[in-house]
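1. sharing a sequence plus its predicted fold:
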Amino acid sequence: MRHDVAGLSPRYPSIQLRFAILIFLLLSSVLVSRSQDSLSSADPILRAMSDELSRSISELQFKDLEKPYFVQYIILDQERYRASATFGALTGSDINRARYVQAQVRVGDYDFDNSEFVTGPGFQGPPPAGITSQTVIDDDYGAIRHALWLATDAAYKQAVEQFARKRAFVQNKTRGEPIPDFSKEKPVTAVAVRRGFEIDKGGWENQVRDWSAVFKDFPEIDESSVVVEAQLTYRYLVNSEGTRTLQPSMLVSVEVDAGAEAADGMRLRHWIPLNAANFDQLPPEREVAKAIRQMASELTALRSAPVLDADYSGPVLFTGQASAEMFARVLVPNLSGQRLPLTDQQQAQATRSELVDRMNRPVLPRFLSVFDDPTTQRIGNQELLGHYQVDDQGVPARRVSLIEQGVLKNFLMSRRPAKDMPQSNGHGRSGIPGRETAQIGNLFIQSSEGKTYEDLKQQLIKMCQEENLQYGLLIKALVGDGRSPIGAPVLTYKVYVADGHEELIRGAFAQAIPIRSLRQIEAVGNDAFVTNRLTGSNELPTPTSIVAPSVLLEEVELKRPTGTQQKPALLTHPYFSKN
């Protein structure tokens, strides 16, 4: 016979035991619910932000002027390491620490406040909200409150002045259907645990030396650099709606850049970007070295490749990285529902999404759908850099279906409402506090009719035959270039109609691809290339990911090079000189 402790039956516990169990469960529940609060109170930065926020909400107001209806503080705490080398020699290695504080004060109300108002010519986008400054890096409660106090005072004075100018501006203006200036969101608490920033400085110095030394095997390459950069950023946010967040963001990048000169003096560049969420997600050292060697071989081959001899207008097949980059530059800027700021400047219309009036209308072929999902952390074994829990305005991330079977269904939204879209959908993002706009996280372009590479190539050839073209163009790599709207084609090939062989060419300059041209996508691949990109500021970038198939466009324009080239170098590369 089984006997229980103290003679109690398991089916009929005593009143005392039942009471003890109840107390235990209640205490456990309280401890769990307060675990994040205890983290907040233990962190002097969050404590300083919360205390100064409470004081600002209750006391901040000029006599006879508007009292703030919304106050928000953001603090960015950043540690950064950067090492660089060229041809096996170190050019830099340093660790930096910085902290930024931003205070945002809004007066008026959610329907009409001081934000998003621009006067004067030449603005490049929505004006920054609030006051941002660099501050102390010590976890000194008093010093942090002092920095917040100064920023809040300046932000409030700025807000009152902006509100008066904006109200005067609209008094004699005829306004259409009123749209709120700011969305009211539910409070969120998401406080992560801080961790240390550990860097093997000596190890990474040796690694960049080794990777950059690969270029010493390629005499035709006259410039090269390998840069490894890691930054750990903690983004603190507290606001008067009750939101409290502390979100860590680790970014690690390896950027390889090289330049060469053709015999006719044309400058050529190639570039490899590798971006990850930590060091473990970078490719193994040997794979990176192999990629650098491949890149150097391609750049060397470009030196002797023929120049595009005539302007081209016809079918173009984008594969791999080039396809993802093309979508990033053509489609992505038009997925934001961010409305324009209030202004009398006509040039503002240039920043307006070209899809804003095409809701529930076709914008892509029926076999393509597009959605953005920051909540997805990886695809297979590949991490997605655009993953986040809450956006930079403290709104939970969520999946947004943007284009369904070619038809536009939604836009990405921040806390700046638009017509028929009054709330944020968790996509208010910017590395720089106060400049948050609606941006992608993880963008997926998916097809129901994917084809193999060979099928796409054969379709390209068939389209060229129908247009009496001797060749079509294939682009495998695009790099950032301020002169070209879609980037500079690096690996561009002629695909000859006669026999299908591919010939590497150089000098092709890509013209803009209008967003309407994407409706003429003829076919897509059954592949899915993942590119992790960093956008915005170099110091405070915004990580994003794009997952896209290869695409065959009906018509793209590329121009041949014009003008004279610079004269070739007079002396040989000293690394390979016999003297």
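-> Thanks, I have the structure now.

2. residues touching residue 217, list them.
-> Residue 217 makes contact with 293, 296, according to CB atoms under 8 Å, 6 or more residues apart in numbering. No exception for glycine: its C-beta is placed from N, CA and C like everyone else's.

3. count of neighbours near residue 529?
-> The number of residues packed near residue 529 is 19, by other CB atoms under 10 Å.

4. give me the phi and psi angles of it.
-> Backbone torsions of residue 529, given as degrees, to the nearest 10, read phi -90, psi 130.

5. need the pLDDT of it.
-> For residue 529, the pLDDT comes out at 95.

6. correct me if wrong: it contacts residue 549.
-> Yes. Using CB atoms under 8 Å, residue 529 is in contact with residue 549, at 7.4 Å.

7. identify the contacts common to those two.
-> When CB under 8 Å, 6+ apart defines a contact, the residues bordering residue 529 and residue 549 alike are residue 323.

8. residues making contact with the helix or strand containing residue 296?
-> Residue 296 belongs to helix 285-304 when elements are defined using DSSP states H and E. Residues outside helix 285-304 that contact it (CB under 8 Å, 6+ apart): 207, 210-211, 214-215, 217-218, 220-221, 226, 254, 256, 258-263, 268-270, 272, 274, 282-283, 490-491, 504, 506.

9. which of those count as buried?
-> For the contacts of helix 285-304, a neighbour count by 16 or more other CB atoms under 10 Å gives the buried set as 207, 210-211, 214-215, 218, 220-221, 226, 254, 256, 258, 260-262, 268, 270, 272, 274, 282, 490-491, 504, 506.

10. how about the helices of the stretch 201-350 of the chain, start to end?
-> 201-213, 285-304, 320-330 (DSSP state H, counting those that start in this stretch).

11. mean pLDDT and distance to residue 469 added to those helices, as TSV?
-> Listed next are these as TSV, based on pLDDT from 0 to 100; distance: least, CB to CB, whole Å:
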stretch	mean pLDDT	distance to residue 469
helix 201-213	97	41
helix 285-304	97	23
helix 320-330	95	20
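
12. most tightly packed of those helices?
-> Of those, the one with the most neighbours on average (mean count of other CB atoms under 10 Å) is helix 320-330, at a mean of 23.

13. show me what it is packed up against.
-> With contacts taken as 3 or more CB pairs under 8 Å, 6 or more residues apart in numbering; DSSP states H and E, helix 320-330 sits against strand 471-479, strand 529-536, strand 541-548, strand 551-559.

14. between that helix and strand 471-479, how many degrees?
-> Relative orientation of helix 320-330 and strand 471-479, computed by axes from the mean of the first three to the mean of the last three CA atoms, to 10 degrees: 80 degrees.

15. could you shift the numbering so residue one becomes 419, and keep it that way?
-> Got it, first residue is 419 now, which makes that one helix 738-748.

16. beyond helix 738-748, next helix or strand please.
-> strand 786-790.

17. can you list the strands that that following strand pairs with?
-> strand 818-822 (antiparallel), strand 860-865 (antiparallel) (DSSP bridges).

18. can I get the longest one as CSV, trimmed to CA atoms?
-> Once side chains and other backbone atoms are set aside, the C-alpha atoms of strand 860-865 remain, and they are given as CSV (Å, rounded to 0.1, in the frame of the first residue of the first chain):
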residue,chain,number,x,y,z
ASN,A,860,11.8,40.9,-44.5
LEU,A,861,10.3,41.3,-48.0
PHE,A,862,9.3,38.1,-49.8
ILE,A,863,8.6,38.0,-53.6
GLN,A,864,7.0,34.7,-54.4
SER,A,865,5.7,33.1,-57.6
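
19. follow-up on the earlier one: need the helices and strands packed on helix 738-748 in JSON lines (columns: distance to residue 547).
-> Shown next, in JSON lines, are the helices and strands packed on helix 738-748 (distance: least, CB to CB, whole Å):
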{"stretch": "strand 889-897", "distance to residue 547": "33"}
{"stretch": "strand 947-954", "distance to residue 547": "16"}
{"stretch": "strand 959-966", "distance to residue 547": "16"}
{"stretch": "strand 969-977", "distance to residue 547": "37"}
